[in-house]
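>>> Next comes the sequence, and after it the predicted model I'd like to discuss.
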Amino acid sequence: MHPPILFPGDVIMNARINASKATQAQPSFPVRRMDYDFSSISKYWYDNDPASTMYFTALSLLFPEGEAFFVRAVRRVRDQVRNNPQLDKDIGAFIGQEAMHSKEHHAFHISAQQYGLNPESLERFTGILLKAIEKLSSKKFNLLATVGLEHYTAVKVVQMMRSVNEPMTDDTIRNLWLWHSVEETEHKAVAFDTYRAIYGSGLNAYLSRISVYTLGLGLILSVSGAYTVILMQRDRQLFNLKSWRKFATLFTRTYGQMLPQFLDYYRPSFHPNQTDEQDLVAQTKIKIGIHEADTAQLS
């Protein structure tokens, strides 16, 4: 069967229809402009415990450069999904949300300088490491690293919203983590859908996906663990065994609860939207006071 003949008028009409679809598409989630004041944060804001606080600070140190890496990885392949107006709009909102996360976590790190931890030096090292990986890797690898680590983050933020935020003694820090958690849940499928739209869901796409995920898990666990130790040493708490035991209890309990969700990624049929956190997100938005602004924006 021969393809239909398109006359100039048909081409113009199709272009107008496609442009109209792109114009009509709206992002599935908003980009919120946040500006937290971290000037008066306490030193040990997680359960008044050094090791637990340093662990979450270590995780935070991965975000400014890590999320900038995610943005670059998705932006470099965005032209390949322009024929999907909804996904294209969601990529734009994903980029906006991740940029705000980088900005606010960086502001937190600047404030933590007052306690002599020098977290910015570790943030800079994260940037050097990720830019080296990015330079040496293909667009596909960098996108897959984003897809895998977005899933890792999406699992962790659900636990954060459920219970992990409760021992946080500083309201500003709690709001930072819960706002971040809400938005990670909102855009959890964007990088995955971008990858699938470009590379499909066949055996090769699957094997590449789980291979890079495994490497990414090893890297993020190693780096966050090393940063925790460095921060504890800078805080002169490295040999505080009581604090380490308290943190070990938290770590083993929460990671034990999250392990099945981490392993879900290895299923060939996995998709991030197979879990539904809408009720949890709605409760969290009320808790941190952003539900009214979201309602006004959508009305």
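Done, it's in.
>>> pLDDT below threshold where in the protein?
For the chain, the stretches with pLDDT under 70 are 1-23, 292-299.
>>> at 80 instead, please
Within the chain, the ranges that satisfy pLDDT under 80 run 1-25, 291-299.
>>> Helices of that one, start to end?
Using DSSP state H, the helices of the chain run over residues 8-24, 50-60, 63-75, 85-111, 119-136, 139-159, 171-186, 190-199, 203-234, 241-264, 278-288, 291-298.
>>> Deepest-packed of those helices, please.
Stretch with highest mean neighbour count among these: helix 50-60 (a mean of 24; mean count of other Cβ atoms under 10 Å). (Glycine included, C-beta is placed from N, CA and C.)
>>> chain center to that helix, what's the gap?
Per Cα atoms, centre = their mean, to the nearest Å, the displacement of helix 50-60 from the mean C-alpha position of its chain is 17 Å.
>>> next one: stretch 133-141
Relative to the centre of its chain, stretch 133-141 is centred 19 Å away, using Cα atoms, centre = their mean.
>>> hmm, who's touching that stretch?
Residues lying outside stretch 133-141 but in contact with it, judged by Cβ atoms under 8 Å, 6 or more residues apart in numbering, are 69, 72-73, 76-77, 142, 145, 199, 208, 212.
>>> Need the distance between the two termini of it.
Using Cα to Cα, to the nearest Å, the end-to-end distance of stretch 133-141 comes to 10 Å.
>>> returning to what we had before: how about the helices of the chain, which one is nearest residue 43?
Ranking the helices of the chain by proximity to residue 43 (Cβ to Cβ) places helix 50-60 first, at 7.6 Å.
>>> so what secondary structure elements neighbour that closest one?
When contacts are defined as 3 or more Cβ pairs under 8 Å, 6 or more residues apart in numbering; DSSP states H and E, helix 50-60 sits against helix 85-111, helix 119-136, helix 203-234, helix 241-264.
>>> Quick one: closest of the ones you listed to residue 176.
Between residue 176 and the helices and strands packed on helix 50-60, the tightest spacing by Cβ to Cβ is seen for helix 85-111, at 6.0 Å.
>>> how about the helices and strands packed on helix 50-60 in CSV, adding distance to residue 26?
Below are the helices and strands packed on helix 50-60 laid out as CSV (distance: least, Cβ to Cβ, whole Å):
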stretch, distance to residue 26
helix 85-111, 6
helix 119-136, 31
helix 203-234, 29
helix 241-264, 29
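>>> To residue 190, which of these lies closest?
Closest of the helices and strands packed on helix 50-60 to residue 190 is helix 85-111, at 4.3 Å (criterion: Cβ to Cβ).
>>> chain center to that closest one, what's the gap?
Relative to the centre of its chain, helix 85-111 is centred 9 Å away, using Cα atoms, centre = their mean.
>>> Great, nothing more from me.
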